[in-house]
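Have a look; sequence and predicted model below, questions after that.
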Amino acid sequence: MSHWTKSKVKIKDRALLKKAAEKLGCTVEEGKTFHSSYAGDIKADMIISAKGGQAALQQNADGTYTVVIDNWCNPITDVVGQDCALLTREYTTELTKEQALLMGGVITSEQVLQDGSVEIEIAVL
């Protein structure tokens, strides 16, 4: 039985998603086919792998990307979280830090809070 999930976070920057995945310890391959015993072969723009499991990044019609994962007995969920919640959190964190730096800010601290949210302190020079 499979439990397919598509991320709700619209991903616009593949490079930042790759950085977030690698920060979590995943390997990333571009332009591969994702194979699922349930759904068959799925064309993916990027395959994210860890612990013998995989998730796929697919481009949407509007140019954004969605992470697609089968949560059923997929060992990658230990790394990226159920429904890729940890991966999308890391992507959002990297995006926030990049935007802060582009606006002239400096990241002074970053920590994951007990509830799983991320607190980033930004100093403006």
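Cool, got the structure.

from what I can see Glu94 touches Lys18, true?
No - using Cβ atoms under 8 Å, Glu94 makes no contact with Lys18, being 9.7 Å away. Backbone N, C-alpha and C define where each C-beta goes, glycine included.

Please name the bridge partners of the closest residue in space to Asn74 that isn't next to it in sequence.
Nearest residue to Asn74, sequence neighbours excluded (Cβ to Cβ, 6 or more residues apart in numbering): Gly53, at 4.3 Å. Beta-bridge pairing of Gly53 under DSSP bridges involves Ala50.

check contacts around Gly53.
Contact partners of Gly53, counting by Cβ atoms under 8 Å, 6 or more residues apart in numbering, are 74-77.

which two in these are spaced the farthest apart?
With Cβ to Cβ as the measure, no two of the contacts of Gly53 lie farther apart than Pro75 and Thr77, at 7.0 Å.

Between the two, point out the one with more neighbours.
Neighbour count, other Cβ atoms under 10 Å: between Pro75 and Thr77, Thr77 has more, with 24 against 12.

wait, what's in contact with the more buried one?
Counted by Cβ under 8 Å, 6+ apart, Thr77 has contacts 53, 69, 71.

Next, format those residues as TSV and append pLDDT and distance to Glu29.
Shown next, in TSV, are the contacts of Thr77 (pLDDT from 0 to 100; distance: Cβ to Cβ, whole Å):
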residue	pLDDT	distance to Glu29
Gly53	92	14
Ile69	87	15
Asn71	84	21
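
So which of the residues you listed is the closest to Gln59?
Gln59 lies nearest to Ile69 out of those, by Cβ to Cβ, at 16.1 Å.
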